[in-house]
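Chemist: pasting the sequence and the predicted coordinates here, then a few questions.
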Amino acid sequence: SQTIHQWPATLVQPVGSPLSLECTVEGTSNPNLYWYRQAAGRGLQLLFYSVGIGQISSEVPQNLSASRPQDRQFILSSKKLLLSDSGFYLCACRHSYEQYFGPGTRLTVT
Amino acid sequence: SQELEQSPQSLIVQEGKNLTINCTSSKTLYGLYWYKQKYGEGLIFLMMLQKGGEEKSHEKITAKLDEKKQQSSLHITASQPSHAGIYLCGAALGFGNEKLTFGTGTRLTIIP
């Protein structure tokens, strides 16, 4: 099975500051990669997914963006964070119908 | 309304008892996934079902997908404190869909 790394594990950022969250995957090649956000008391919201290098699909219009510079690297970014961006961000990898999640990054925007 | 409904939203069960969590959709489920999440942690993959009528078991957890592929159940036998957490079902709601839609989860508490 795949191993998914996310960093940082926790992050506290002021409103208006930039953001960069990184996700890397081991143990598979050419996977589908996903960014989800889990806000307090709410379910998993799909933000972006990618089926290949440079291919990004956005699910929710917002001030976040994603990039996939390498096959097993997926980055979530923002130029200016909003308070509403706080939440638990999860990266997921899907290959051969099985989908695994990383340990997550807890983002608090103050 | 949610495309994937989970019930119950929360469940408190005495240790040693059996329990069932349900996941229902009005759409056909092309791949149904069950995950467990501890608070503040990532999702742990439990099982994935694809075929109507399919059933899988791992240790004391059994998952089933009905023949019509619109409902799945997760059954835990002789529950233990280690089973406590949030259980989430996720599914592809269209054939060949690369994206999973998730239910809002079931919070399971095991009391001694």
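Modeler: Cool, got the structure. What you see is a predicted model, and the numbers here were worked out from it, not measured in a lab.

Chemist: need the next SSE after the lowest-mean-pLDDT helix or strand in chain B, C-terminal direction.
Modeler: Using mean pLDDT, DSSP states H and E, the weakest-scoring helix or strand in chain B turns out to be strand B:101-102, at a mean of 92. Using DSSP states H and E, the helix or strand that follows strand B:101-102 in sequence is strand B:106-111.

Chemist: check which helix or strand residue 6 maps to.
Modeler: Just going to use chain A. strand A:3-7.

Chemist: look at chain B instead
Modeler: Taking DSSP H and E as the criterion, the element that holds residue B:6 is strand B:5-7.

Chemist: each with direction, which strands does that strand pair with?
Modeler: strand B:19-24 (antiparallel) (DSSP bridges).

Chemist: ok, now which ones touch the closest residue to residue A:42 other than its chain neighbours?
Modeler: Spatial nearest neighbour of residue A:42, chain neighbours left out: residue B:104 (7.3 Å); criterion: Cβ to Cβ, 6 or more residues apart in numbering or on different chains. C-beta coordinates here come from the backbone N, C-alpha and C atoms, glycine included. By Cβ atoms under 8 Å, 6 or more residues apart in numbering or on different chains, residue B:104 lies in contact with A:42, A:43, B:2, B:6, B:9.

Chemist: go again with 7 Å.
Modeler: A:43, B:2, B:6 (Cβ atoms under 7 Å, 6 or more residues apart in numbering or on different chains).

Chemist: excluding covalently adjacent residues, which one is nearest to the last one?
Modeler: Take residue B:6 and drop its neighbours on the chain: the residue closest to it by Cβ to Cβ, 6+ apart is residue B:103, 3.6 Å away.

Chemist: I figured that neighbour hits residue B:24, correct?
Modeler: No - counting by Cβ atoms under 7 Å, residue B:103 stays clear of residue B:24, with 8.8 Å between them.

Chemist: quick one: the residue nearest the centre of chain A from residue A:109, how far?
Modeler: Centroid-nearest residue in chain A, with Cα atoms, centre = their mean: residue A:35, separated by 3.3 Å. Plainly put, residue A:35 is 17 Å away from residue A:109 if you go by Cβ to Cβ, to the nearest Å.

Chemist: how about residue A:98?
Modeler: 33 Å.

Chemist: these two - which one has more neighbours?
Modeler: residue A:109 (19 against 15; other Cβ atoms under 10 Å in any protein chain shown).

Chemist: contact partners for the more buried one?
Modeler: A:13, A:15, A:81, A:82, A:83, A:85, A:86.

Chemist: which one is residue B:111 nearest to, not counting chain neighbours?
Modeler: Residue B:111 sits nearest to residue B:14 (Cβ to Cβ, 6+ apart), 5.5 Å away.

Chemist: how many neighbouring residues does the one you found have?
Modeler: 10.

Chemist: ok, stretch A:84-101 near chain B or not?
Modeler: Yes - with Cβ under 7 Å from any Cβ of the partner chain as the criterion, chain B is reached by stretch A:84-101 at A:90, A:97, A:98, A:99, A:100, A:101.
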